[in-house]
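> Quick one, structure for this:
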Amino acid sequence: MKRALFIFLFFTSISTLLAQEINSIISVHDGQKYKIVKIGNQWWMAENLIATKYNDGTHIPLVTDVTAWSKLITPGYCWYANDSIAYSNPYGALYNWYAVNTGKLCPTGWHVPTDAEWTVLSDYLGGTNIAGSKLKEIGTTHWLSPNSKATNEIGFTSLPGGNRNFDGTYYNLGYYGYWWTSTEYSSTNAYNRYMFYNNSSIIGFSHLKKYGFSVRCVKD
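Take a look at the predicted model:
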């Protein structure tokens, strides 16, 4: 009887561990752990990227100076208001599109989603007019009131991490969340998605590649 109970508890523990692990990944190059969620046929990170190294182990340039950021046409990242202690958790880092375009931001086996992959996500959730509400974290701990119709019903937990402007200044924490796509719009601009505190939409737009936005990764 004791042996049977031991076997039952052993396999129950293993099953629990497997269930936990399938809902997260560990980035091999920096040991960072990310929650993940399956939405339709896509696997998405359920957290913003916080990587300070590329997936080959090399460091992403940290750019804090306002003037340096405004002139940047090479990869760079930062923390909102240059304060990693206050904002790295839970908002993650802000990256310019030049960092996205290296193809090395996400853990191996994952990538920054294309514009089309973001469209697949919003279409699965009923279209751009309502998908934002299903993606946003509920409540007003991070989103400002009223955080319109937020349900987070699929566990994506989008957050209003704000942005770094092309001139190096910081804006919109609590109001907006912006996420890069890997799709280029022009020589100066690239596509992104954003959500905001008083609307249930997810909007597709293009911004200057110099902007600092959040990043979510999707499985290859």
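> only C-alpha atoms for contact and neighbour calcs from this point on.
Fine.
> what's the closest non-adjacent residue to N23?
Nearest non-adjacent residue to N23, counting by CA to CA, 6 or more residues apart in numbering: I36, 5.2 Å away.
> pLDDT wise, what is the one you found at?
Looking at I36, its pLDDT reads 97.
> Quick one: name whatever helix or strand follows the lowest-mean-pLDDT helix or strand in the chain.
Within the chain, confidence by mean pLDDT, DSSP states H and E is lowest for helix 2-21 among all helices and strands, at a mean of 34. The helix or strand immediately downstream of helix 2-21 is strand 24-26, counting by DSSP states H and E.
> List the pairing partners of that following strand within its sheet, with orientation.
strand 33-39 (antiparallel) (DSSP bridges).
> Contacts for the partner strand next, please.
If you take CA atoms under 8 Å, 6 or more residues apart in numbering as the criterion, strand 33-39 is touched by 23-27, 43-47, 121, 154-156.
> Report how many residues lie close to G139.
16 (other CA atoms under 10 Å).
> contacting residues for the residue lying closest to it once chain neighbours are set aside?
Once flanking residues are discounted, G139 sits nearest to N147: 6.8 Å by CA to CA, 6+ apart. Counting by CA under 8 Å, 6+ apart, N147 touches I138, G139, T140, F196, Y197, N198, N199.
> quick check, nearest of the residues you listed to W69?
F196 (24.7 Å; CA to CA).
> So S148 versus K136, what's the distance?
9 Å (CA to CA, to the nearest Å).
> Hmm, I typed the wrong one, I wanted A99.
25 Å.
> before we move on, back to that, of the contacts of strand 33-39, just the buried ones, PyMOL syntax please.
Only the buried entries of these go into this PyMOL selection, using 16 or more other CA atoms under 10 Å:
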select buried, resi 25+27+43+44+45+46+47+121+155+156
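> Looking at the contacts of strand 33-39, which one is closest to R164?
Distances from R164 to the contacts of strand 33-39, taken by CA to CA, are shortest for E47, at 18.8 Å.
> so who does the closest one touch?
Contacts of E47 by CA under 8 Å, 6+ apart are Y34, K35, I36, P90, G92, F156, T157, S158, R216.
> are any of the residues you listed buried, and which?
Y34, K35, I36, G92, F156, T157, S158, R216.
> The closest residue to the last one other than its chain neighbours: which element?
Here the nearest residue to R216 in space, its sequence neighbours aside, is N48; by CA to CA, 6+ apart that works out to 5.3 Å. Applying DSSP H and E as the criterion places N48 outside every helix and strand.
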